[in-house]
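**Q** just need the structure, nothing else, for what follows:
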Amino acid sequence: MWGVQTPGSPGAYSWQHLHNWNPAAVPDAVGDVANLNLVNLAGDLAINLDGAVTLGTLNLCC
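**A** Numbers count the residues shown, from 1 in each chain. I've put the predicted structure just below:
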């Protein structure tokens, strides 16, 4: 299970950049869970996929 580790500062972020994730690995497999709901956003945030991504679960809200 991965969670976004950036503080939620406004801007654009790359899905493929492993330092945006905790643990420092990019979630990209059938059983992977990506939690984008753990960040307190301070403004608009864009996440660029930069390529094909495969996930088991993508949590966006609460």
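
**Q** in which helix or strand does residue 47 reside?
**A** strand 45-48 (DSSP states H and E).

**Q** any idea which helix or strand comes after that strand?
**A** Assigned by DSSP H and E, the successor of strand 45-48 is strand 57-59.

**Q** who touches that next one?
**A** Contact with strand 57-59 is made by 32-37, as judged by C-beta atoms under 8 Å, 6 or more residues apart in numbering. From N, CA and C alone the C-beta is placed, and that goes for glycine too.

**Q** strands along this protein, start to end?
**A** 2-4, 11-14, 21-22, 33-35, 45-48, 57-59 (DSSP state E).

**Q** weakest of those strands in terms of mean pLDDT?
**A** Within the strands of the chain, the stretch with the lowest mean pLDDT is strand 2-4, showing a mean of 62.

**Q** quick revisit: most neighbours among the contacts of strand 57-59, which one is it?
**A** For these, counting by other C-beta atoms under 10 Å, the largest number of neighbours falls to residue 34: 22 neighbours.

**Q** okay, and the beta partners of it?
**A** Each beta-bridge partner of residue 34 is listed here, defined by DSSP bridges: residue 2, residue 58.

**Q** surely it is in contact with residue 55?
**A** Yes - counting by C-beta atoms under 8 Å, a contact exists between residue 34 and residue 55, whose distance comes to 5.6 Å.

**Q** what is in contact with the two at once?
**A** Common contacts of residue 34 and residue 55 (C-beta under 8 Å, 6+ apart): residue 27.

**Q** span of stretch 30-43 from start to end?
**A** In stretch 30-43, first residue to last residue: 30 Å (C-alpha to C-alpha, to the nearest Å).
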